[in-house]
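Asks: Just a sequence and a predicted model for now, questions to come.
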Amino acid sequence: MAKDVTTKKKTGPLQFAQQVRAETSKVTWPTRRETAITTVMVFIMVALASIFFFLADMILSWGVQLLLSVSI
């Protein structure tokens, strides 16, 4: 029974750098305006999420304190 051996040709450093440069040129880079708008949107979403989790934490904390303060 023979093993199916596939050999891959190794890529040298110069050829690798050329391939990286070719692939990088294919990328559609965002404009400065798009980057700024995305950054602002991330900050807004972080602020909204932090407010939501703060309020959820306060409500849960109030509920636990209410349950623990009930004496039988």
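Replies: Looks like it arrived, so ask away.
Asks: At which residues are the helices of this structure located?
Replies: With helices called from DSSP state H, the chain shows them at 13-25, 32-69.
Asks: Including mean neighbour count, could these go into JSON lines?
Replies: From N, CA and C alone the C-beta is placed, and that goes for glycine too. Shown next, in JSON lines, are the helices of the chain (neighbours: other CB atoms under 10 Å):
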{"stretch": "helix 13-25", "mean neighbour count": "10"}
{"stretch": "helix 32-69", "mean neighbour count": "10"}
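Asks: weakest of the ones you listed in terms of mean pLDDT?
Replies: Set side by side, the helices of the chain give their lowest mean pLDDT on helix 13-25, at a mean of 93.
Asks: now what about that helix, what contacts it?
Replies: The contact list for helix 13-25 (CB atoms under 8 Å, 6 or more residues apart in numbering) reads residue 11.
Asks: ok, back up a step: looking at the helices of the chain, spot the one closest to residue 7.
Replies: helix 13-25 (16.9 Å; CB to CB).
Asks: Run the chain-centre distance for the closest one.
Replies: Here the centre of helix 13-25 is set off from its chain's centre by 26 Å, with CA atoms, centre = their mean, to the nearest Å.
Asks: gap between the residue nearest the centre of the chain and residue 54?
Replies: With distances taken as CA atoms, centre = their mean, residue 42 lies nearest the centre of the chain, 11.2 Å away. Here residue 42 is placed at a distance of 18 Å from residue 54 (CB to CB, to the nearest Å).
Asks: Residue 48 now?
Replies: According to CB to CB, residue 48 and residue 54 sit 11 Å apart.
Asks: Residue 28 now?
Replies: As judged by CB to CB, residue 28 and residue 54 stand 38 Å apart.
Asks: Same question for residue 22.
Replies: For residue 22, the distance to residue 54 equals 48 Å [CB to CB].
Asks: Export the helices of the chain to TSV and append columns for distance to residue 7.
Replies: As requested, the helices of the chain are exported to TSV (distance: least, CB to CB, whole Å):
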stretch	distance to residue 7
helix 13-25	17
helix 32-69	44
